[in-house]
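> below: sequence and its predicted model.
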Amino acid sequence: MTNFKNFKHPYTINKKYATKAAYFCMEFGIDQALKIYSGGLGYLAGSHMRSAYELKQGVVGVGILWKYGYYDQNRNRDGYMEPHFIQKHYDFLEDTGIVIEMTINNNPVKVKAYYLAPEVFGTAPMFFLSTDVEGNDYLARTTTNHLYDANAETKIAQCMVLGIGGYKLLKALGYETNNYHLNEAHALSLAFEMYKDLGNIEEVRNKIVFTTHTPVEAGNEKHDIGLLKKLSFFAGLPLREVMDITGQYDGILNHTLAALRLSRMANGVSQMHGDVANQMWGGYDNICKIKAITNSQNAKYWADDELATALKSGKTDALANRKKAMKAKLFKIVADQTGKIFDPEALTIVWARRFAYYKRADLIVRDIERFEKIIKSTKKPVQMIWAGKPYPKDFGAIDTFNYLIALSRRYANCAVLTGYELELSKALKDGADVWLNTPRITREASGTSGMTAAMNGSVNFSTWDGWIPEFAKHGKNAYIVPAVDLSLPFDERDIIDRDNLMSVLEKEIIPTYYDKPKNWWKIVGQSMKDVLPFFDSDRMADEYYQLLYKSKPLPKKKKVAAKKKSSKIDTPLGKIQVDDLKIVEGIGPKIEKLLKEGGFHTWEKLSKAEIKKLQDILDAAGPRYRVHNPKTWAKQAELASEGKWNELKQWQDELDGGK
């Protein structure tokens, strides 16, 4: 039995990685048997935990034990996709006996912790949290049922279990670290629980590091601050204090921005994404430094050993024969699911990953005439396979998936596979000749499926996004869809990308595969050589230590002697408490900054013209901010501190005579 009262790593930690770290993530793709992941974020986290174990790093993983997993991707009676939710059981997890108590929606909730020992799947020690505990009410007990629940309040509660629950778990384990690693902002609530404990925001920042994966501002999670307070997301902190430590005063909490302000160091997940993240957030004050650590995957888990041996032999025939055998294994799955017999000699293109609209699974068929010309060719046959999981409530993505199923029924050499999890993903990468990747440029922060495809002799064919610019050399180790003008509307960009994709396929890829086989196998071999070791997660796990976990503490802010506040003074607005630096109670630093830019450092001796100028500044900041008699400030401050923004606006409108 493991001792969980004063938890220590069950292996000798490499001195190089003696600094402790706790890695928080909503999903982990560790093994086919443990279905607690949905896609790329989980695959990445799983590889990270495997490399942490192989390098003997002082890391523990913290996640959630999803009762029904993400979902089981099956087919209905007509052969179209149908999500099934089946309860999972895992005898290989150990009950720690630890039950944490936390508050969600002002109600007590019990959270149980389970342990995955390193020797089970070859990972760092891992802990998984569940609210499926006797004594919890129905809402509490079902919180950890479904990964990424569609109900907004339930998903917030899930994030709280990961953040607050995970933080409390580490305390219960006696596991002390100065590296609470938030892999995405899901565990953000941890920062507020920690702040409640420490009472010092600088100490909090120096204990948290953060990885952002989102390449567009609109994709970052945001919630109404009043809703978060209602759900106890802020660990009981007053809203005014939450606003002050996050620097967000508009009633909406941007989780990524808050994480960047509450961490000592952050990173994007590719060099390109690092640049995008700095451009996206660089205009905001008080954020931590954002570095770039390119995502990677665990070669020991993903790469085919026999194929690697064939490559080292330098014999093209050995490489081609092993690849043909790998394709044959995939084609047994194709036959089993679809009743179609694929040819191991034919060029096989695979598009397989999470089904999201921006990834454009159907881009290759949007010019159906050109697609049919390729797919119906008998002289140079091409086979096409799609796979991947849409979010179960993303009906647009499900429609696209089912459209491809319907379309594939027209052709004996097209197939759509279901059950896209780790094992099928591995089989697809083993059996693909071409790994097709078609995201809109700048939308893919990294993407890692092409890395493991390259490890297994698949040639990447991709738009110029994510990790690809760090790897691809067109016609040497990969093929690239020429970059499109990003200033064009999405629809125009899609058309250009479609046409460019088809041209490269028709004029370069297919002719090389069939007419220049030596060149083709040279490209395959070069791709396998170039993807390792850099895109092995051992390199990534090492960089997290060097760039994040061992990063220096933030410098202490110099304390400025507080200026003595003036007493209430007469102004054209009435009696107001003021000083030279602070604006009237009820207005936050955001407005303070605007007022300073407008030349208002004090409320003394305001003329009517200055009052009008002040009102213009406040109006520009938003409808919540109005100039009123100071007797109203207490009411405004009260409503603002409680997050009652709609009531505040309505009340101010009434004061303004219905404006």
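Okay, I see it.

> hey, where'd the strands end up in the stretch 351-500 of the chain?
382-387, 414-417, 434-437, 459-462, 478-480 (DSSP state E, counting those that start in this stretch).

> output the second one as PDB, restricted to C-alpha atoms.
This points to strand 414-417. The C-alpha trace of strand 414-417 is given here as PDB (Å, rounded to 0.1, in the frame of the first residue of the first chain):
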ATOM      1  CA  CYS A 414     -13.100   6.000 -49.100                       C
ATOM      2  CA  ALA A 415     -13.900   5.200 -45.500                       C
ATOM      3  CA  VAL A 416     -14.800   6.900 -42.300                       C
ATOM      4  CA  LEU A 417     -13.900   5.100 -39.100                       C
END
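
> what's it in contact with?
Outside strand 414-417, the residues within contact range by C-beta atoms under 8 Å, 6 or more residues apart in numbering are 333-334, 337-338, 340, 342, 352, 375, 383-387, 401, 404-405, 407-408, 424, 428. In this view, the C-beta of every residue, glycine as well, is placed from N, C-alpha and C.

> tell me where the model's unsure across the stretch 401-550 of the chain.
Across the stretch 401-550 of the chain, nothing is flagged by pLDDT under 70.

> show me where it has its helices.
Secondary structure of the stretch 401-550 of the chain by DSSP state H, counting those that start in this stretch: the helices cover 422-431, 449-455, 490-504, 510-515, 517-531, 537-543.

> and Asp317, how many neighbours does it have?
Using other C-beta atoms under 10 Å, the number of residues around Asp317 comes to 10.

> and Ser51, what element?
Element membership for Ser51 (DSSP states H and E) is helix 40-54.

> report the distance from that helix to the chain centre.
On the basis of C-alpha atoms, centre = their mean, to the nearest Å, helix 40-54 sits 14 Å off its chain's mean C-alpha point.

> turn the strands of the stretch 351-500 of the chain into a markdown table, columns for distance to Leu41 and mean neighbour count.
Conversion of the strands of the stretch 351-500 of the chain to a markdown table gives the following (distance: least, C-beta to C-beta, whole Å; neighbours: other C-beta atoms under 10 Å):
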| stretch | distance to Leu41 | mean neighbour count |
| --- | --- | --- |
| strand 382-387 | 18 | 25 |
| strand 414-417 | 22 | 24 |
| strand 434-437 | 17 | 26 |
| strand 459-462 | 19 | 26 |
| strand 478-480 | 24 | 22 |
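
> make TSV from those strands and add distance to Pro83 to it.
Shown next, in TSV, are the strands of the stretch 351-500 of the chain (distance: least, C-beta to C-beta, whole Å):
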stretch	distance to Pro83
strand 382-387	15
strand 414-417	15
strand 434-437	24
strand 459-462	28
strand 478-480	34
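
> which of those strands sits closest to Met528?
Among those, the nearest to Met528 by C-beta to C-beta is strand 459-462 (9.8 Å).

> other SSEs contacting the closest one?
strand 434-437, helix 449-455, strand 478-480, helix 517-531 (3 or more C-beta pairs under 8 Å, 6 or more residues apart in numbering; DSSP states H and E).

> if we can go back for a sec, nearest to Ala325, of the helices of the stretch 401-550 of the chain?
Nearest to Ala325, of all the helices of the stretch 401-550 of the chain, is helix 422-431, at 9.2 Å by C-beta to C-beta.

> state the number of residues packed around Lys291.
Lys291 has 16 neighbouring residues, counting by other C-beta under 10 Å.

> so where's the longest helix in the protein?
helix 316-338 (DSSP state H).

> so which bits of it are buried?
316, 318-320, 322-323, 326-327, 330-331, 333-334, 337-338 (16 or more other C-beta atoms under 10 Å).

> who touches the nearest residue to Asp31 once chain neighbours are set aside in this structure?
For Asp31, ignoring the flanking residues on the chain, the nearest one in space by C-beta to C-beta, 6 or more residues apart in numbering is Phe121 at 4.7 Å. Phe121 is in contact with Ile30, Asp31, Leu34, Arg50, counting by C-beta under 8 Å, 6+ apart.

> Throw those residues into JSON lines and include neighbour count, thanks.
Listed next are the contacts of Phe121 as JSON lines, based on neighbours: other C-beta atoms under 10 Å:
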{"residue": "Ile30", "neighbour count": "27"}
{"residue": "Asp31", "neighbour count": "20"}
{"residue": "Leu34", "neighbour count": "25"}
{"residue": "Arg50", "neighbour count": "26"}
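
> among those residues, which ones are in helices?
By the criterion of DSSP H, membership of these in helices covers Arg50.

> biggest separation within the contacts of Phe121, which pair?
For the contacts of Phe121, the maximum inter-member distance is 12.5 Å, found between Leu34 and Arg50 (C-beta to C-beta).

> highest mean neighbour count out of the helices of the stretch 401-550 of the chain?
helix 449-455 (a mean of 27; mean count of other C-beta atoms under 10 Å).

> on that earlier part again, Val209 versus the residue nearest to Asp31, what's the distance?
Using C-beta to C-beta, to the nearest Å, Phe121 is found at 25 Å from Val209.

> how about the nearest residue to Leu307, chain neighbours excluded?
Distances taken as C-beta to C-beta, 6+ apart put Arg322 closest to Leu307, at 4.9 Å, once the chain neighbours are dropped.

> per-residue confidence at that neighbour?
On pLDDT, Arg322 comes in at 98.

> wait, isn't it in contact with Asp305?
No - between Arg322 and Asp305 there is no contact under C-beta atoms under 8 Å: 10.0 Å.

> hang on, the earlier thing: which of the buried residues of helix 316-338 sits closest to Asp530?
Leu319 (15.2 Å).

> for the closest one, what are its contacts?
By C-beta under 8 Å, 6+ apart, the neighbours of Leu319 are Leu307, Ala310, Leu311, Ser313, Gly457, Trp521, Val524, Gly525.

> apply 7 Å and report the result again.
With contacts defined as C-beta atoms under 7 Å, 6 or more residues apart in numbering, the neighbours of Leu319 are Ala310, Leu311, Trp521, Val524, Gly525.

> report the buried residues of the helix or strand containing the first one.
In other words, Ala310. Following DSSP H and E, one finds Ala310 within helix 305-313. Neighbour-count burial for helix 305-313 flags Leu307, Ala308, Ala310, Leu311 (criterion: 16+ other C-beta under 10 Å).

> for the second one, which non-adjacent residue is closest in space?
Excluding its sequence neighbours, the residue lying closest to Ala308 (C-beta to C-beta, 6+ apart) is Met528, at 7.4 Å.

> ok, the one you found touching Ala310?
No - Met528 is not in contact with Ala310 according to C-beta atoms under 7 Å; the separation is 9.7 Å.

> redo the buried residues of helix 316-338 as JSON lines? Include distance to Lys507.
Shown next, in JSON lines, are the buried residues of helix 316-338 (distance: C-beta to C-beta, whole Å):
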{"residue": "Thr316", "distance to Lys507": "24"}
{"residue": "Ala318", "distance to Lys507": "30"}
{"residue": "Leu319", "distance to Lys507": "25"}
{"residue": "Ala320", "distance to Lys507": "23"}
{"residue": "Arg322", "distance to Lys507": "29"}
{"residue": "Lys323", "distance to Lys507": "24"}
{"residue": "Met326", "distance to Lys507": "27"}
{"residue": "Lys327", "distance to Lys507": "24"}
{"residue": "Leu330", "distance to Lys507": "27"}
{"residue": "Phe331", "distance to Lys507": "27"}
{"residue": "Ile333", "distance to Lys507": "31"}
{"residue": "Val334", "distance to Lys507": "28"}
{"residue": "Gln337", "distance to Lys507": "32"}
{"residue": "Thr338", "distance to Lys507": "30"}
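
> what is the nearest of those residues to Gly251?
Checking the buried residues of helix 316-338 one by one against Gly251 (C-beta to C-beta), the nearest turns out to be Gln337, at 49.1 Å.

> how close does the closest one sit to Thr452?
Per C-beta to C-beta, Gln337 is found 21 Å from Thr452.

> do Asn14 as well
Asn14 sits 25 Å away from Thr452, going by C-beta to C-beta.
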